[in-house]
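Quick check, what structure comes out for this input:
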Amino acid sequence: MNRGLLGPVVAAASAALLSVLLVRAAPPLGQGALGVPLSTGFTYQGQLLRSGLPYSGACDFEFRLFASETGGDQLGASIIRPALSVTNGLFTTVLDFGPNAFAGQARFIEVAIKCAGDAAMSTLSPRTALTPAPYALYAVSAGTAMSATSSFSATTAVTATTAFSATTAGSAIVATSATTALSATHALTATQSLTAYHALSSSLAITASTAPYAGLTGVPTPLAALSSPSPCSSGQVPKWLGTTWSCQNDSDTTYTAGPGIRLSGNEFSVAAAPRPTTTRSTLDGQSTDAGEWPSIAIGVDGLALIAYYDRTNGDLKVAHCEDVACTTATITTIDGTSSNVGQFTSLTIGPDGFGIMSYYDVTNTALKVAHCDNIRCTSATTATLDDTGIVGQYTSISVMKDEIENGNGQVVIAYYDASANRPKLIQCRNTQCTSFVPLVENAAIDGVGIGQWTATVTFPGTGLPFVFSRKTSSPAGIRYFACQSATECATGGLAGDIDSSGTSFSELAATILANGRPLLVARNESLNRLDIFRCANDACSTADTFSGPTGGRMPAITVLPTGQAFVFYVHPPTSQLRGLFCTDLLCSTRLTIEDIGRVHPSSTQWHTAVATGSDGNPLFVFWDDGNTALQVVHATNPFGTPGYRRR
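Next up is the predicted model:
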């Protein structure tokens with residue numbers, strides 16, 4: 001049975017109908033200006049794929065609510081949505097399990113679906129925990145305390161009826177009830193009437209200068225006499241002795257700041273709430289120059305594996321993280337004892353669950369591959385794949401479905417042939433890639449200046465490769481090559497320009513969006529910014545183009561558990577590591593995340609990599625020529641920012 005996540009993440013059905021179901025839950029709108037009561041329904045949005053492709057049509061949906069992930073009694077009645085419209089894989093409905101469904105405890109939704117041609121409903125497994133958003137319903141009764149802001153404390157001033165208002169009764173602490181501070185006559189404002197008469201506190205009415213009695217009525221004569229014209233002595237305050245007021249020693253001069261309060265001398269202030277922080281760790285380098293050309297993947301053990309180049313020693317190295325945040329790692333030298341190797345590294349997790357990486361052999365101007373012998377990659381088997389001419393730079397590795405030969409998943413590697421000035425592709429024929437074949441020989445991908453800054457992705461439906469690369473021949477731009485069938489991969493493929501504007505591009509990074517189409521990010525050298533290309537069809541013959549952040553360099557891209565893309569990049573003008581968060585599944589709108597970390601201010605070269613960790617949060621990897629070290633930043637939230645705090 002396929003397994004996945006749900007709400008707002010990804011789920012998969014046990015039946016062949018569904019491959020992926022992506023849903024999002026959102027609370028209803030707040031109370032309107034006219035006081036219309038809240039609905040208990042919430043919007044439920046999702047994506048439906050069939051055989052890996054977006055589905056269009058009408059399907060019957062059934063939604064059930066439970067208090068546990070497995071077993072247990074159903075809460076309330078099922079919600080049936082017959083013939084719910086699904087367009088390009090997307091659907092939306094409103095679910096309402098009633099006013100008592102969400103009372104602060106965990107809730108899980110179970111979904112069953114039946115589309116055209118299905119004999120019966122298919123129930124998704126497992127059930128999926130609802131995100132906190134629907135629990136905004138649980139705070140509907142905040143209307144009974146109307147204004148906790150203006151009445152300070154709902155404990156002593158439950159409503160504006162008993163404490164009137166913040167204007168006439170500064171706070172429930174200062175004016176215990178409407179009886180003691182009924183009107184402006186007795187408590188003009190918190191500024192003018194902070195006296196021992198109403199505040200019953202020496203800290204609020206120390207001298208006549210802070211509590212002027214002139215013009216006020218109702219002030220006891222003995223108290224006024226103590227304050228003006230002769231105030232109490234230093235260290236004394238007016239106190240009520242049961243029958244009269246008298247200057248007495250202040251016996252309560254020691255103050256302690258409680259949680260959320262800061263005390264400086266005799267002044268209290270509200271302390272800022274602690275902000276979540278990122279964790280930054282140095283894994284290798286500083287004493288040597290190590291960490292260039294990093295590439296990261298999350299292993300089957302849930303921990304990150306990072307391949308990189310040690311410039312000082314000319315070695316290919318691998319770091320296996322020992323925890324999710326990668327605060328420590330086991331470092332292993334994989335190759336390089338007899339030659340300078342490890343540049344242009346690209347790493348993925350192979351079909352056997354072990355890491356496999358492609359890289360450039362500088363000494364022999366060749367393409368090499370290293371297959372880890374275990375999950376931690378403490379040793380590896382290496383092989384030279386191509387050494388004809390100057391080959392192996394700008395490598396990009398991915399796992400494809402080997403429909404050509406035996407139906408098993410295999411690795412495909414795209415790389416640059418500098419001698420022929422063209423891209424090449426190789427398909428491995430075993431897990432260690434000691435056996436391989438050229439994937440395609442096609443004149444359509446030949447050309448002057450094609451093949452540098454290669455980025456490869458695989459289609460989720462076919463599992464076949466899609467390759468982007470820089471094009472410097474006229475007109476300059478970005479070239480793509482794709483094969484969408486086994487026949488095309490064996491004999492040729494599709495090729496064309498995703499951009500032919502004459503713009504010079506470099507530093508490409510790509511991923512697959514929730515709609516199954518590629519998203520590409522590249523540096524626009526002409527305008528010194530990052531540009532974003534979203535394929536408008538499966539063949540990517542046209543693309544929607546968006547202008548990205550000015551000054552961005554060396555982008556790397558990952559997809560979060562919510563299905564939204566996250567671009568990690570360097571911003572040299574501020575020496576910051578930044579992020580570009582796609583706020584919707586198709587990256588139509590984006591949010592810049594600043595100050596994820598810092599690079600050395602004098603650095604002029606950078607390399608980055610990013611992956612979504614097993615905790616659902618981004619793990620950023622970077623190197624710069626100022627720090628000359630492999631460094632990792634682990635985010636404590638999906639947005640990658642230390643300033644984000646979920647409310």
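
Report pLDDT for residue 593.
In the predicted model, residue 593 carries a pLDDT score of 88.

Hmm, I typed the wrong one, I wanted residue 319.
In the prediction, the pLDDT value recorded for residue 319 is 97.

Count the neighbours of it for me.
For residue 319, the tally of surrounding residues (other CB atoms under 10 Å) stands at 26. For every residue, glycine as well, the C-beta is placed using N, CA and C.

Next: the one 4 residues further on.
Using other CB under 10 Å, residue 323 has 14 neighbouring residues.

And stretch 238-249, what's buried?
Judged by neighbour count (16 or more other CB atoms under 10 Å), stretch 238-249 contains these buried residues: 238, 239, 245, 247.

go on, stretch 78-97?
Using 16+ other CB under 10 Å, the residues of stretch 78-97 that count as buried are 79, 81, 84, 86, 89, 90, 91, 95, 97.

Excluding covalently adjacent residues, which one is nearest to the second one?
Yep, that's residue 81 we're talking about. In space, not counting the residues next to it along the chain, residue 81 is nearest to residue 61; the distance is 4.2 Å by CB to CB, 6 or more residues apart in numbering.

For that neighbour, give its distance to residue 124.
Computed as CB to CB, to the nearest Å, the residue 61 to residue 124 distance reads 11 Å.

try residue 235
Residue 235 is 73 Å from residue 124, where distance means CB to CB.

Please identify which of those two sits among more neighbours.
Remark: of residue 235 and residue 124, residue 124 carries more neighbours, 22 against 10, as counted by other CB under 10 Å.

Which strand residues bridge that one?
In this structure, residue 124 has the following beta-bridge partners (DSSP bridges): residue 13.

Can you give me the end-to-end span of stretch 494-507?
23 Å (CA to CA, to the nearest Å).

nearest residue to residue 634 other than its sequence neighbours?
Residue 634's closest residue in space is residue 325 (CB to CB, 6+ apart), at 3.9 Å.

Correct me if wrong: the one you found contacts residue 281.
Yes: counting by CB atoms under 8 Å, residue 325 touches residue 281, with 7.4 Å between them.

So those two - more neighbours on which side?
The neighbour comparison of residue 325 against residue 281 (other CB under 10 Å) goes to residue 325, with 21 against 16.

Report the contact partners of the more buried one.
Counting by CB atoms under 8 Å, 6 or more residues apart in numbering, residue 325 makes contact with 279, 281, 613, 619, 632, 634.

any idea how far it lies from residue 421?
Separation of residue 325 from residue 421 (CB to CB): 43 Å.

can you give me the strands for the stretch 251-400 of the chain?
261-264, 267-270, 279-285, 290-298, 304-310, 315-321, 329-335, 341-349, 355-361, 366-372, 380-386, 391-401 (DSSP state E, counting those that start in this stretch).

Let me have those in a markdown table, extended by distance to residue 40.
Supplementary listing: the strands of the stretch 251-400 of the chain in a markdown table, determined by distance: least, CB to CB, whole Å:
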| stretch | distance to residue 40 |
| --- | --- |
| strand 261-264 | 38 |
| strand 267-270 | 35 |
| strand 279-285 | 40 |
| strand 290-298 | 39 |
| strand 304-310 | 42 |
| strand 315-321 | 44 |
| strand 329-335 | 48 |
| strand 341-349 | 44 |
| strand 355-361 | 49 |
| strand 366-372 | 52 |
| strand 380-386 | 57 |
| strand 391-401 | 45 |
